[in-house]
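Model the structure of this input:
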Amino acid sequence: MPGIDKLPIEDALEDSPQTRSLLGVFEEDAAAISSYSQQLYQAMQRIYDAQNELSAATHLTSRLLKEYDNQRFPLGGDDEVMSATLQQFSKMIDEISSCHAILSTQLADAMMFPITQFKERDLKEILTLKEVFQIASSDHDLAMNRYSRLSKRRDVEKVRLEVMEDVYTARKKQHQTTLHYFSALNTLQYKKKISLLEPLLGYIQAQSSFFKLGSENLTAHWEEFLSNIGTSVQNVRREMDSDVESMQQSIEDLKGACDPLYLPDPDPARIPINRNLSRKSGYLNCRNKTGLVSSSWERHFYFTQGGNLMSQARGEVAGGLVLDIDNCSVMAVDCEDRRYCFQITAFDGKKSAILQAESRKDCEEWIATINNISKQIYLSENPEETAARVNQSALDAVTPSPSFQQRHESLRSAAKSRPKASHTSSSDSASLSTLSLDSLVAPDTPIQFDIISPVSEEYAGQAKLPGQTGRTNPFGESGDGKPEETEDSILQQLYMVRFLGSMEVRSGESTDVIYETMRHILAARAIHNVFRMTESHLLVTCDCLKLIDPQTQVTRLRFPLSSVVLCASHQENKRLLGFVLQCSGSRAEGRPVSVCYVFESNNEGEKICDSVGLAKQIAFHSDMDRRATVKQKELDKEKERQQEEISKQKQIEKDLEEQSRLIAASSRPNQAGGEAQLLVLSNSQSEDSDTGEEGKKTGESEA
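Okay, here's the model as predicted:
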């Protein structure tokens, strides 16, 4: 069989990205083996279950055939020939059932047991070692991080010894765990072949034995193949046993030889410094600037490749270029709170890097190696001999710089002696090209770097009216006793922010005001060495913005949402945000005062600005709904008033009609007398006329 790929257990202590990459390949292979073995196990389990089912089915068939005589059929009963035939079939099926039972037992022993053992024991062992390796690696990284952060100025012997002991323990644990993990992964390559071949061999042998019970000549042509497979399995097993024994011996040798290397800062007397190197690799901490006054350190694996310094993070396939170190300069530097630091500057002086080694020996070897590479010694035929000849010049190049305190004092004295420079904006936007600096920020405006807590005013920056008095409540409550409005607010979002400063601005119409204020505040903090920042919880609601003390939950500042006229985050540093607050106080010009507040958040500032915008939008719609409701109520009141007017008008008309009717009724008796006389006269006249007519009619009748 072909050779087995192995992890180099000798490189376990260095823990380089190349070794980690190779380890990743082995872990991927182990995961693939686990997945494939699981599928194969399920398939073989189905075979085993089917065989058991077949054995049970044949046994049931035989039993049913034997019970044929006990069955009572309405037709065809007492058929002795059929009964005898079925009894003979039952005996034959009994023999077949016995063969199937033997086959099931052989499958359980020869096929299911090896693959089950590989799945439950070997693969689970790999997973357990992987978890232990990850925990040991994480503990080692934490110990190295704590060791790297040992203060140079406050070097406490007890703390340093405890940290070094932690590093020793963590590194030893990681190394020994890595050795066993690498050994298990190497052994898995053998067990993979055994776990695939041995179950198949057992399955074929069981089937062969099963068929041999019925026909001795059925599997005659399989004997040579099965013999070869069996011989191969035995050879692999013997090779695995030999390799495991060799790896165990190597592990014991490495445990004894690598014990002094577990210390992060070994004694140079025991392990001398090699200044003749032309290549070097190892973990270093690199300093990265995260702001104007802040920086962070990141740990990467660095190595030299020709005349280039490369870095590679864990998980990366290849390294990236850091600096071209041909003709570069390197020197030890004093960092504020880090030891064993050195700085590399490119030949043109435009690019530099500050790195930290984990020990003095490692630091001096890196400086000597980079000095050798910068002199292009690596291009010679024998770099180590050439480096040995120029070793003295390389040591002369390693000159430590002045201490941080001396450089700090020199910078401060230089800053005092220089005339005050005019503040100019670095932004290239169109608005800053048209607006001058004085049009954005008021000249000679003081900058407030801290929050006075607690505050009893309604919100910060609001000027007190004449005669208005305010009192400071030690419990952070407002003096006017207004109830909290945030409990009924639709929107409540909480963010962790740090207050950088605030200052008065002239304009609140463009985001350039916020950018310019950020630049002023950050520059002022850097000039005056202000590094402390007040951490608060920023609560965004539909009514206001609140700055709350994280420990005491006391409201430090309260900004009504209606007074926030502008909110924006920094264009490059997304963690910086600011908003402009328009106060009702008045200055000499008789206009409102605008104050810009600048914060640094743990999250992106855009999210907080979006929350403020959403709160203002909700507040705007709520105000519009409230106004619409008030207007509707006014319309309803107007309609009710009109209805009342109409009702009053109708009542007045009814009263007038009633009054007219009463007046008419009071004047009716006089008119009634005259009308009676007219009625009497008319009646008498009508009677006379009737009498005359009757007389005429009588005379005519007589004639």
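
When you work out contacts or count neighbours from here on, use the C-alpha atoms and nothing else.
Noted.

could you measure L40 against Q117, distance?
For L40, the distance to Q117 equals 13 Å [C-alpha to C-alpha, to the nearest Å].

of those two, who's got more company?
L40 (15 against 12; other C-alpha atoms under 10 Å).

Could you check the pLDDT of the more buried one?
You'll see L40 listed with a pLDDT of 89.

Using the three-state scheme, assign it.
helix (DSSP: H, G, I helix; E, B strand; the rest coil).

where does the stretch 451-600 of the chain have low pLDDT?
Across the stretch 451-600 of the chain, the ranges flagged by pLDDT under 70 are 452-489, 508, 526-532, 584-591.

What ranges does it have for its strands?
Counting by DSSP state E, counting those that start in this stretch, the stretch 451-600 of the chain has strands at residues 492-505, 534-541, 544-548, 555-560, 564-569, 576-586, 592-601.

Which among those strands is found nearest to E28?
strand 592-601 (39.3 Å; C-alpha to C-alpha).

Any chance you could list what contacts the closest one?
For strand 592-601, the external contacting residues (C-alpha atoms under 8 Å, 6 or more residues apart in numbering) are 461, 495-508, 514, 517-518, 575-587.

Of all the strands of the stretch 451-600 of the chain, which one is nearest N308?
strand 576-586 (35.9 Å).

By residue count, which helix of this protein is the longest?
helix 605-666 (DSSP state H).

for the record, mean pLDDT for that one?
87.

got it, and stretch 185-192?
Stretch 185-192 shows a mean pLDDT of 87.

Contacts for that stretch, please.
Counting by C-alpha under 8 Å, 6+ apart, 4-7, 26-27, 30, 33, 118, 122, 126, 236-237, 240, 244 sit against stretch 185-192.

Mind checking which of those residues are in helices?
Mapping the contacts of stretch 185-192 onto helices (DSSP H) picks out F26, E27, A30, I33, I126, V236, R237, M240, V244.

okay, who's weakest in these by pLDDT?
For the ones in helices among the contacts of stretch 185-192, the pLDDT minimum is V236, 78.

ok, and the closest non-adjacent residue to that one?
Nearest residue to V236 in three dimensions, chain neighbours excluded: Y190, at 7.1 Å (C-alpha to C-alpha, 6 or more residues apart in numbering).

Need the three-state assignment for that neighbour.
Three-state assignment for Y190 (three-state DSSP): helix.

try A318
Using three-state DSSP, the structure places A318 in coil.

mind listing what it touches?
A318 sits next to Q312 when contact means C-alpha under 8 Å, 6+ apart.

cool, the one 5 residues further on as well?
Contacts for L323 were tallied using C-alpha under 8 Å, 6+ apart; they are N308, L309, M310, A346, K351, S352.

One more pass at 6 Å, please.
Contacts here follow C-alpha atoms under 6 Å, 6 or more residues apart in numbering; on that basis L323 touches L309.

Where does it fall, secondary structure wise?
strand 320-324 (DSSP states H and E).

Where does the prediction get shaky in the stretch 101-250 of the chain?
214-226, 229.

what about the helices in it?
Along the stretch 101-250 of the chain, counting by DSSP state H, counting those that start in this stretch, helices occupy 113-117, 123-148, 157-214, 223-257.

ok, and for the last one, which residues are buried?
Spelled out, it's helix 223-257. The neighbour-count check on helix 223-257 (16 or more other C-alpha atoms under 10 Å) flags L226, V233, V236, R237, M240, D243, V244, M247, I251, L254 as buried.

Report the inter-axis angle for that helix versus helix 157-214.
For helix 223-257 against helix 157-214, the angle by axes from the mean of the first three to the mean of the last three C-alpha atoms, to 10 degrees is 170 degrees.
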